[in-house]
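>>> what's the 3D shape of this:
(chains A, B and C)
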Amino acid sequence: MLGSDIWMCFIFYSTLLILKMYIIAIITGQVRLRKKAFANPEDAERHGGIQFCRTDPYVERCLRSHRNDMENIFPFFFLGAVYSMTGPSSAVARIHFVVFFLGRVFHSVAYLLALKAPTRSFAYVIAQVPCFSMAIQILIHVASFA
Amino acid sequence: MLGSDIWMCFIFYSTLLILKMYIIAIITGQVRLRKKAFANPEDAERHGGIQFCRTDPYVERCLRSHRNDMENIFPFFFLGAVYSMTGPSSAVARIHFVVFFLGRVFHSVAYLLALKAPTRSFAYVIAQVPCFSMAIQILIHVASFA
Amino acid sequence: MLGSDIWMCFIFYSTLLILKMYIIAIITGQVRLRKKAFANPEDAERHGGIQFCRTDPYVERCLRSHRNDMENIFPFFFLGAVYSMTGPSSAVARIHFVVFFLGRVFHSVAYLLALKAPTRSFAYVIAQVPCFSMAIQILIHVASFA
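Numbers count the residues shown, from 1 in each chain, chains lettered A, B, ... in the order given. Coordinates of the predicted model:
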């Protein structure tokens, strides 16, 4: 059922991207502990007192990075799965998935290290190119049946 | 593999909704540039100085609109895909997808144009009706196998 | 098409988790109305005046709970669907899905009732275990084909 190499390639990079997102969640939690900046009073009380229920710029940065992942990686799961079913060439499909994967890893690194602008935006755009490409190809495929 | 017309209809509207979400992301970026309101110091520094690392009410509005899309459109991808596999009538399935699609487009328009309440809430409720309907039908379908 | 019991089990718990997320959205809306704390001026004006366009700690809590669901439940939909296709034993698969489901329901209860730390974190970790397990098994499955 998972036999096609396009499908396997899609699943491989998608699963790695989920693990990447889990790592950002873990980093966020570690930064909250180290900087003593908790979103909930009950967490702050456990770690020294209610005064640690506060925001922190780096925690906010982690949250923005994670949110941007949700905005872009979750749609990729839909687009990549459907695109894989439209019968693309194996090499072209692989390029779509690899470019998206590398773009999103690069985006996270640029975000968490606060690399000089427009590095992060560049990574974002790079990763969006295969997404727009897949969306257009899906619409053309659907239109050819309508 | 993508041959059924119910499946095609689902994929068509889902892909358009992803493009709609991408458009909100693009609008957010444009508003950030025009209003000089950046979330990250590195972006602010590239566009005039650290004082532009600040919030803006319309940027916040775009972010709320995008977040509401994530809360509702991503679950639709799951519900719509599974519902398509439960063997619904083609006409009824199409109504579910079209109502959700129009409701969500209307929601974005109402949000970004700040239309008088309860216009946006009305669009939200309209789009949730087919989602609840699909969720119930899926549970009934699963229960009939258990 | 939906005939395997593993698939049915996955769909059953996933659909319940979507309904759980919808319930959090409904609770958020009810709290906004009861506490008169609206995110948008147009909503505040409809419910008594622009002064009610303000934040509220419990609304913020609901939003964090909902966001944490998005960060964790949406990836589960991908992991669970793909894992179901890798040919796991029915009993083991069921344990993965049930543990995740119970962990996430427990997480929402702990969040909304502000239970003493680390109750909520404990629920989060419990629910992440089957997710990491599925991600690893998917990667092993894919690697065995490569």
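
>>> centroid residue for chain A?
Most central in chain A under Cα atoms, centre = their mean is residue A:69, positioned 3.2 Å from the mean C-alpha point.

>>> list the contacts for the nearest residue to residue A:104 once chain neighbours are set aside?
In space, and not counting its chain neighbours, residue A:104 is closest to residue A:127: 5.0 Å by Cβ to Cβ, 6 or more residues apart in numbering or on different chains. (C-beta placed from N, C-alpha, C; glycine too.) Contacts for residue A:127 (Cβ atoms under 8 Å, 6 or more residues apart in numbering or on different chains) come out as A:72, A:99, A:100, A:102, A:103, A:104, A:106, A:107.

>>> give me that answer again for 7 Å
When contacts are counted by Cβ atoms under 7 Å, 6 or more residues apart in numbering or on different chains, residue A:127 touches A:72, A:100, A:103, A:104, A:107.

>>> among the residues you listed, which two are most distant?
Across the contacts of residue A:127, the longest distance by Cβ to Cβ is 10.3 Å; it joins A:100 and A:107.

>>> The residue in chain A positioned nearest to chain B: what secondary structure?
At 3.9 Å from chain B, residue A:117 is the closest residue in chain A, using Cβ to the nearest Cβ. The three-state assignment at residue A:117 reads coil, by DSSP: H, G, I helix; E, B strand; the rest coil.

>>> show me where chain A has helices.
Residue ranges of the helices in chain A, as given by DSSP state H, are A:5-35, A:41-46, A:57-84, A:90-112, A:119-143.

>>> Pipe these into TSV and attach mean pLDDT and distance to residue B:65 per row.
Shown next, in TSV, are those (pLDDT from 0 to 100; distance: least, Cβ to Cβ, whole Å):
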stretch	mean pLDDT	distance to residue B:65
helix A:5-35	97	22
helix A:41-46	98	29
helix A:57-84	98	12
helix A:90-112	97	22
helix A:119-143	97	19
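
>>> returning to what we had before: how close does the residue nearest to the centre of chain A get to residue A:17?
As judged by Cβ to Cβ, to the nearest Å, residue A:69 and residue A:17 stand 8 Å apart.

>>> and if you look at residue A:75?
To residue A:17, residue A:75 is 12 Å away according to Cβ to Cβ.

>>> What is the neighbour count of residue A:56?
Residue A:56: 16 surrounding residues under other Cβ atoms under 10 Å in any protein chain shown.

>>> ok, now residue A:123?
Close neighbours of residue A:123, defined as other Cβ under 10 Å, add up to 21.

>>> Let me see the contact set for the residue nearest to residue A:97 when sequence neighbours are not counted.
Excluding the flanking residues, the one nearest residue A:97 by Cβ to Cβ, 6+ apart is residue A:13, at 4.7 Å. Contacts for residue A:13 (Cβ under 7 Å, 6+ apart) come out as A:97, A:98, A:101.

>>> What distance do you get for the closest residue to chain C within chain A to residue C:106?
Relative to chain C, the nearest point of chain A is residue A:46 (3.9 Å; Cβ to the nearest Cβ). Shown here: residue A:46 relative to residue C:106, a distance of 18 Å by Cβ to Cβ.

>>> Neighbour count: those two, which is higher?
Neighbour count, other Cβ under 10 Å: between residue A:46 and residue C:106, residue C:106 has more, with 18 against 15.

>>> before we move on, the earlier item: would CSV of the contacts of residue A:13 with neighbour count be doable?
What follows is the contacts of residue A:13, written out as CSV (neighbours: other Cβ atoms under 10 Å in any protein chain shown):
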residue, neighbour count
A:97, 23
A:98, 13
A:101, 21
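
>>> and which of the contacts of residue A:127 is nearest residue A:57?
For these, the nearest to residue A:57 is residue A:107 (18.9 Å; Cβ to Cβ).

>>> returning to what we had before: hey, what's in contact with both of residue A:69 and residue A:17?
With Cβ under 7 Å, 6+ apart as the test, residue A:69 and residue A:17 both reach residue A:104.

>>> thought the residue of chain A closest to chain B was touching residue B:41?
No - Residue A:117 lies out of contact with residue B:41 (Cβ atoms under 7 Å); the separation is 9.3 Å.

>>> interface residues of chain A facing chain C?
When proximity is defined as Cβ under 7 Å from any Cβ of the partner chain, chain A approaches chain C at A:1-2, A:8, A:11-12, A:14-15, A:18-19, A:21, A:25, A:39, A:42-43, A:45-46, A:66, A:70, A:74, A:77.

>>> buried subset of these?
The neighbour count (16 or more other Cβ atoms under 10 Å in any protein chain shown) marks A:8, A:11-12, A:14-15, A:18, A:21, A:25, A:39, A:42-43, A:45, A:66, A:70, A:74, A:77 as buried among the residues of chain A next to chain C.

>>> Tell me which two in those residues are the farthest apart.
Across those (Cβ to Cβ), the longest gap, 47.6 Å, separates A:8 and A:45.

>>> which of the helices of chain A is buried the deepest?
Highest mean neighbour count of the helices of chain A: helix A:57-84, a mean of 21 (counted as mean count of other Cβ atoms under 10 Å in any protein chain shown).

>>> Tell me what angle that one forms with helix A:5-35.
Angle, helix A:57-84 to helix A:5-35, by axes from the mean of the first three to the mean of the last three Cα atoms, to 10 degrees: 170 degrees.

>>> counting contacts, what elements does helix A:57-84 pack onto?
helix A:5-35, helix A:90-112, helix A:119-143, helix B:5-35, helix B:57-84, helix C:57-84 (3 or more Cβ pairs under 7 Å, 6 or more residues apart in numbering or on different chains; DSSP states H and E).

>>> Repeat the analysis, applying 6 Å as the threshold.
If contacts are counted by 3 or more Cβ pairs under 6 Å, 6 or more residues apart in numbering or on different chains; DSSP states H and E, helix A:57-84 sits against helix A:5-35, helix A:90-112, helix A:119-143, helix B:57-84.

>>> can you give me the offset of that helix from its chain's centre?
Relative to the centre of its chain, helix A:57-84 is centred 3 Å away, using Cα atoms, centre = their mean, to the nearest Å.
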